[in-house]
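[1] Here is my input; please provide its structure:
(one chain, ligands or ions: 1)
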Amino acid sequence: MPSSCCVVFCTSGYKSNPEKVSLFQFSKNEILREKLEKSIPSANLVINSKTVICEKHFTPDQIVRTWESGSSASKVTIHLKRANLTHDVVSSIFSGPKYLSNPMKERKLPSKRVLYSSINEAIVLLEKSNCIVDGMVCDGASTNRKLWTEFVVSGIKGNVKNYFTHPSNENRKV
Ligand SMILES: [Zn+2]
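    You can find the predicted model right below:
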């Protein structure tokens, strides 16, 4: 079973990320699976029986960790070895650039943001494939210079900013 999260800006389950998190498979029920799939902001997500998503994209009440029976005095609570997602679930928590936190908004992005998003996504995918992206080059054409403003990169004398925050790691620069 592959063990890395399908969400694009998430590194849960990757060898480079030692953090232990629960990973969930998608429901076998087509309607429930599609509902969850649609809530995940990713352009190229293909769900199959091996796809998993990690606990970080769900609120605590969406994750079932215990099994309970009876009430008050005779109540029995058992902690499950493997946590499960609640039956009818959509994911709602996404880190990374703000445009990802609301998939509905993402569809209405003006076209100039597409290149910006694609570059961020490309960097993250490369990093996930064990490539290290530390820099980007630009030929200075006007369309590319326009992109600089998206990344808040500036070549103005006295106000030079030649980096932006790495989409995979906020402590790194590109
Ligand atoms: Zn994840």
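
[2] what does this structure put close to the ion?
    C5, V7, C10, S12, C54, K56 (CB under 5 Å from the ion). C-beta here means a position set from N, CA and C on the backbone, and glycine is covered the same way.

[3] So what's the residue count around M136?
    Per other CB atoms under 10 Å, the neighbour tally for M136 reads 15.

[4] Then the one 5 residues further on?
    When neighbours are defined as other CB under 10 Å, A141 has 9 of them.

[5] mind checking pLDDT for it?
    At A141, the model reports a pLDDT of 75.

[6] same check, this time on P103
    Taking P103 on its own, its pLDDT is 50.

[7] Okay, buried residues for whichever helix in the chain runs longest please.
    As assigned by DSSP state H, the longest helix anywhere in the chain is helix 112-128. Within helix 112-128, the residues that qualify as buried are Y116, S117, I119, N120, E121, I123, V124, E127, K128, counting by 16 or more other CB atoms under 10 Å.

[8] Now those residues in TSV, please, with extra columns for pLDDT.
    What follows is these, written out as TSV (pLDDT from 0 to 100):
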residue	pLDDT
Y116	78
S117	81
I119	86
N120	86
E121	87
I123	89
V124	89
E127	90
K128	89
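
[9] quick check: longest strand of the chain.
    Longest strand of the chain, by residue count under DSSP state E: strand 76-85.

[10] quick one: buried residues of that one?
    Neighbour counts over strand 76-85 (16+ other CB under 10 Å) mark A83, L85 as buried.
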